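Asker: here you go, sequence then predicted model.
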Amino acid sequence: QFAPYVYNSSTYSHSGSNCIRFYVYTTSGDSTQYLILPEVDSATYPINTMQLSFWLRGNSTSSTYRSDVIVGVMTNPTVESSFIPYDTILSAGTAYNYHEINFDRYSGPQGRITMMFPKPTASSSYEYGYLDDVKLDLIPACPPITSHSVVATAGAARLTWEAGIEYSGYTVNYALDSVG
């Protein structure tokens, strides 16, 4: 069984010159690959307080090349059947896309956060892609916003943003700036 490995290439990296490359090319035998993250002290940092973020891209735009990743928890890193799926990222194409997975809804047993690259479903298919800037962290208390904009007119301003995940409320601070 092959495993994902560090690939030295600034062409295929999102940042720097190294990334993780996975390549699953056969439907025969056990060809599923796993990237098992280091163990975290689950008594101090339970999995449902963790957030995984990463950049993912495929190797080709061809429909026979997939770069799907199933993120989950492996309770025993030496037993493949101990993998518990949590979320699936379907990715195609050769541009890097950012993914963020919060484990706030996870209620299963503790273990190691793991990324699985499943074996292809057809003999002409491949799982082939690149991961970069993989980060495991605590879910932030105040998550960052994206795609924000401000439209100001005389006496008014309109603020818009995307939260990424549903939250119950925001506090917006502002100050008047006198130009004179």
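Answerer: In hand now; what should we look at? Numbers count the residues shown, from 1 in each chain.

Asker: state which strand of the protein is the longest.
Answerer: If you go by DSSP state E, the chain has its longest strand at strand 126-138.

Asker: so Ala3 lies in a strand, does it not?
Answerer: No - in this structure, Ala3 is coil, not part of a strand, as judged by DSSP: H, G, I helix; E, B strand; the rest coil.

Asker: count of neighbours near it?
Answerer: Here the count is done by other C-beta atoms under 10 Å, and Ala3 has 11 residues near it. All C-beta atoms are positioned from the backbone trio N, CA, C, and that covers glycine.

Asker: doesn't Phe83 make contact with Asn76?
Answerer: No - counting by C-beta atoms under 8 Å, Asn76 sits too far from Phe83 to count as a contact (9.3 Å).

Asker: out of these two, which sits in the busier spot?
Answerer: Shown here are Asn76 and Phe83; by other C-beta under 10 Å, Phe83 has more neighbours (21 against 12).

Asker: do you know the pLDDT at the more buried one?
Answerer: Model confidence at Phe83, given as pLDDT, is 96.

Asker: with Tyr23 instead?
Answerer: 83.

Asker: state the three-state secondary structure for it.
Answerer: Under three-state DSSP, the three-state class of Tyr23 is strand.

Asker: chain neighbours aside, what residue packs nearest to it?
Answerer: Once flanking residues are discounted, Tyr23 sits nearest to Tyr128: 5.0 Å by C-beta to C-beta, 6 or more residues apart in numbering.
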